[in-house]
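K.L.:
The following block contains a protein sequence and its predicted model.
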Amino acid sequence: MVTTPIKTTQRLTTQVEVIASNTTAIRSLDWDRDRFDIEFGLQNGTTYNSYVIEGEKNALVDTSHLKFKQLYFDCLNQVINPQDIDYLIISHTEPDHSGLVKDLLEINPHITVVASKVAIQFLEGFVHLDFKRQIVKNGDRLDLGNGHVMEFINAPNLHWPDTIFSYDHGTQTIFTCDAFGMHYCTAQLYDENLRDISPDYRFYYECLMGPNARSVLSAMKRMSELGEITLVANGHGPILKHNVKELLDRYYRWSNEQSKGEKSVAVFYISDYGYSDRLSQAIAKGITKTGITVEMIDLNGTDIHEIPEIIGKSAGIVLGMPPLTDQNNAQISNKMGAILACVNNKQIVGLYESYGGDDEPIDPLTTKLQDLGLTSAFAAIRIKDTPHETTYQLCEESGVDLGQILTKKASIKQRKALDSDLDKAIGRISGGLYIITAQKREASGAMLASWVTQASFDPPGFTVAVAKDRAIESLLQVEDTFVLNILEEGKYQPLMKHFLKRFPPGADRFAGVKTQVGANGSPILIDALAYLECEVVSRMDCGDHWVVYSKVTNGRVSKPDGLTAVHHRKVGNYY
């Protein structure tokens, strides 16, 4: 192993390891990165993984982030002379993996770039160099010699529209870039500590892959036809070796669960324009929290003839504003026209600006959709500044609202159908009344809770059940902090009434409520009986809820003789 530190404001190191016959991993370790992609927070940094395969011909699978330029090329030169690289396989063109492509091509202009058709088009747009290219599609092979035969698999939307996987038949290694990865920075090369990495593996799936569950299943079906897979050489985090079957099975199970919804929503975006892709992912994440299936559609990579079928099977449509002027504007405009021609008045719709500098105006499209009889699921998302954390929270909450509209009738029907003796008996389980408040950088949230139970003495800790479609759920990941505000019997009505309101996406939950800032940065409700400052230790999946176990770090009672408010239900199948 070679570890090369660098003195910067962040800890950046590299790691070089042989992982299979004639196959070497170059890992760029970004220890302190705390945000990524759609602006979800990182607790454990991340890595950017690149691979060298040496045969009679030599191939490099992906490069690294631009911030690692010197470190990365120092490592690459230790493994192979860049002049001896014959092929550069681009899994996808997202900058954290392709940030050094231009630099590599300047060093060795004779390299043949192997990628999907869409990836080649994207590369032409930001490399601005003439380069040799080989466009590959599903099932195509590239023989490097010495037994290394690469087979390519189309895997669009995982999580970039131009993604391909590469399978080396000689070593039974599959190179998957973003898929089956995690934002987890560790010097451990492989996935030995399954328990340690599991929360980050699941969180990564929920943020990036969950909204593309159908695409995950399609890619995994193609993977099943390759033969045995002994190593998953991903793009982020530890390489999968010791728990390959278990971790692949989790993706399959989660994606099956995510895709079984009777209703689906088509989310249209433009991958290389403004912030369209990131904003669409945030909206999609909110929709999937309600159990609704999402289909992510990149207007750049979608054939116009596919649009009628996509629209026809969708209960909801989300549209990102395209550019007014662009070399592909005519094609995009025709596809937008096809969408408008296919929608019907039984569908609900949501619109968002892409903040690409030259968005189509949102109001004329809103008017057209209203004239066609479509109902808006949320107020159009208008972005006047570079998207930041509260912008992505707004998008996620808007997605939740859309999903809840589609599930509302089914939820009411289910409540009526399950009003049985069993549900009445479960309803007799009483609970207290609490309000959870959280602040995570710019994002904040609150919810009324009653399913709270003390779980440990040392350390002092408790569990709280949080519905998966709650907006605040994203602020209650492992190591996040929050405040549990305990309401007082006889005096809880004003706070309860306030936090039971349905807040529109992006609204300030604390407007008009007296608060102070806790030591952990989250709001404390001054009118509560007591408060506990908490840190999330673990989460357990319990069907439609997460059970969140947290340790208490601080607390205070404002009225020693006060009693906790108690909540009684008549039935146990809803709050």
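P.N.:
Yes, it's here. Residues are numbered from 1 along each chain as shown.
K.L.:
residue ranges with poor pLDDT in the stretch 1-150 of the chain?
P.N.:
Scanning the stretch 1-150 of the chain for pLDDT under 70 picks out 1-10, 35-42.
K.L.:
Pop the domain breakdown of the chain in here.
P.N.:
By the assignment in automatic domain parsing, the chain contains the domains 2-257, 261-409, 429-567.
K.L.:
May I see those organised as JSON lines, with mean neighbour count added?
P.N.:
Where C-beta positions appear, they are placed from N, C-alpha and C, glycine not excepted. Converted to JSON lines, the domains of the chain look like this (neighbours: other Cβ atoms under 10 Å):
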{"stretch": "domain 2-257", "mean neighbour count": "19"}
{"stretch": "domain 261-409", "mean neighbour count": "19"}
{"stretch": "domain 429-567", "mean neighbour count": "17"}
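K.L.:
Any chance of those in a markdown table with distance to residue 422 as columns?
P.N.:
Listed next are these as a markdown table, based on distance: least, Cβ to Cβ, whole Å:
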| stretch | distance to residue 422 |
| --- | --- |
| domain 2-257 | 24 |
| domain 261-409 | 22 |
| domain 429-567 | 12 |
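K.L.:
Helices of the stretch 251-400 of the chain, residue ranges please.
P.N.:
Secondary structure of the stretch 251-400 of the chain (DSSP state H, counting those that start in this stretch): helices at 276-288, 307-312, 329-342, 362-371, 389-417.
K.L.:
Check the offset of the shortest one from the chain's centre.
P.N.:
The reference is to helix 307-312. Put simply, helix 307-312 sits 25 Å off its chain's centre (Cα atoms, centre = their mean, to the nearest Å).
K.L.:
got the contact list for it?
P.N.:
Applying Cβ atoms under 8 Å, 6 or more residues apart in numbering, the external contacts of helix 307-312 come out as 266, 295, 297, 302, 317, 335, 338-339, 342-343, 347.
K.L.:
For these, which two are the farthest from each other?
P.N.:
Farthest pair in the contacts of helix 307-312 (Cβ to Cβ) is 302 and 347. Separation: 18.2 Å.
K.L.:
Please look at residue 148 and residue 171 and confirm they touch.
P.N.:
Yes. With contact defined as Cβ atoms under 8 Å, residue 148 counts as touching residue 171 (7.3 Å).
K.L.:
Any idea which of the domains of the chain gets closest to residue 420?
P.N.:
domain 429-567 (15.5 Å).
K.L.:
Could you work out the end-to-end span of the closest one for me?
P.N.:
End-to-end distance of domain 429-567 (Cα to Cα, to the nearest Å): 9 Å.
K.L.:
Quick one: mean pLDDT over it.
P.N.:
Here domain 429-567 scores 92 as its mean pLDDT.
K.L.:
Is it possible to get JSON lines of the helices of the stretch 251-400 of the chain that adds mean pLDDT?
P.N.:
As requested, the helices of the stretch 251-400 of the chain are exported to JSON lines (pLDDT from 0 to 100):
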{"stretch": "helix 276-288", "mean pLDDT": "90"}
{"stretch": "helix 307-312", "mean pLDDT": "94"}
{"stretch": "helix 329-342", "mean pLDDT": "89"}
{"stretch": "helix 362-371", "mean pLDDT": "93"}
{"stretch": "helix 389-417", "mean pLDDT": "82"}
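K.L.:
Those helices into JSON lines, with extra columns for distance to residue 167?
P.N.:
Putting the helices of the stretch 251-400 of the chain into JSON lines (distance: least, Cβ to Cβ, whole Å) gives the following:
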{"stretch": "helix 276-288", "distance to residue 167": "26"}
{"stretch": "helix 307-312", "distance to residue 167": "29"}
{"stretch": "helix 329-342", "distance to residue 167": "32"}
{"stretch": "helix 362-371", "distance to residue 167": "42"}
{"stretch": "helix 389-417", "distance to residue 167": "34"}
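K.L.:
ranges for the helices of the stretch 451-575 of the chain?
P.N.:
493-500.
K.L.:
residue boundaries of the strands in it?
P.N.:
For the stretch 451-575 of the chain, the strands defined by DSSP state E, counting those that start in this stretch cover 452-456, 461-467, 481-486, 515-517, 523-525, 530-542, 545-557, 566-567.
K.L.:
Out of the helices of the stretch 251-400 of the chain, which is closest to residue 128?
P.N.:
Per Cβ to Cβ, nearest to residue 128 of those: helix 329-342, 20.6 Å.
K.L.:
Which elements pack onto the closest one?
P.N.:
Packed against helix 329-342 by the contact rule (3 or more Cβ pairs under 8 Å, 6 or more residues apart in numbering; DSSP states H and E) you find helix 307-312, strand 316-320.
K.L.:
chain center to it, what's the gap?
P.N.:
Using Cα atoms, centre = their mean, the offset of helix 329-342 from its chain centre is 28 Å.
K.L.:
Just the CA coordinates for that helix, please, in CSV.
P.N.:
Taking C-alpha atoms only, helix 329-342 is exported to CSV below (Å, rounded to 0.1, in the frame of the first residue of the first chain):
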residue,chain,number,x,y,z
ASN,A,329,-32.7,23.1,-27.9
ALA,A,330,-34.8,22.0,-30.9
GLN,A,331,-34.7,18.4,-29.8
ILE,A,332,-35.5,19.3,-26.1
SER,A,333,-38.3,21.6,-27.3
ASN,A,334,-39.8,18.8,-29.4
LYS,A,335,-39.7,16.4,-26.4
MET,A,336,-41.3,19.0,-24.1
GLY,A,337,-44.0,19.3,-26.8
ALA,A,338,-44.4,15.5,-26.8
ILE,A,339,-44.9,15.6,-23.0
LEU,A,340,-47.6,18.2,-23.2
ALA,A,341,-49.3,16.3,-26.0
CYS,A,342,-49.5,13.1,-23.9
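K.L.:
residues in contact with it?
P.N.:
268, 270, 299-300, 302, 304, 307-308, 311-312, 317, 319, 322-323, 326, 360, 368-369, 372.
K.L.:
That helix to helix 362-371, inter-axis angle?
P.N.:
Counting by axes from the mean of the first three to the mean of the last three Cα atoms, to 10 degrees, helix 329-342 lies at 30 degrees to helix 362-371.
K.L.:
Not including adjacent chain positions, what is the nearest residue to residue 107?
P.N.:
residue 82 (4.8 Å; Cβ to Cβ, 6 or more residues apart in numbering).
K.L.:
Could you report the separation of that neighbour from residue 75?
P.N.:
11 Å (Cβ to Cβ, to the nearest Å).
K.L.:
Quick check, pLDDT for the spatially most central residue of the chain.
P.N.:
The centre of the chain sits closest to residue 207, judged by Cα atoms, centre = their mean, with a distance of 1.6 Å. Note on residue 207: pLDDT of 84.
K.L.:
Is it correct that it falls within a helix?
P.N.:
Yes. Counting by DSSP: H, G, I helix; E, B strand; the rest coil, residue 207 is found in a helix.
K.L.:
Touching, it and residue 284? I think so.
P.N.:
No. Counting by Cβ under 8 Å, residue 207 does not reach residue 284; the two are 10.0 Å apart.
K.L.:
what comes into contact with stretch 485-503?
P.N.:
Stretch 485-503 is contacted from outside by 432-437, 446-448, 509, 512-513, 524-525, 527-532, 559, 562-566, using Cβ under 8 Å, 6+ apart.
K.L.:
who's in contact with residue 473?
P.N.:
Contacts of residue 473 were listed using Cβ under 8 Å, 6+ apart, and they are 289, 466-467, 546.
K.L.:
Please determine how far residue 520 is located from residue 548.
P.N.:
From residue 520 across to residue 548, the span is 15 Å (Cβ to Cβ).
K.L.:
gap between residue 537 and residue 362?
P.N.:
Distance from residue 537 to residue 362, counting by Cβ to Cβ: 43 Å.
K.L.:
Look up how far residue 474 lies from residue 506.
P.N.:
In terms of Cβ to Cβ, residue 506 sits 14 Å off from residue 474.
K.L.:
Now the common contact residues for those two.
P.N.:
Joint contacts of residue 506 and residue 474 (Cβ under 8 Å, 6+ apart) are residue 393.
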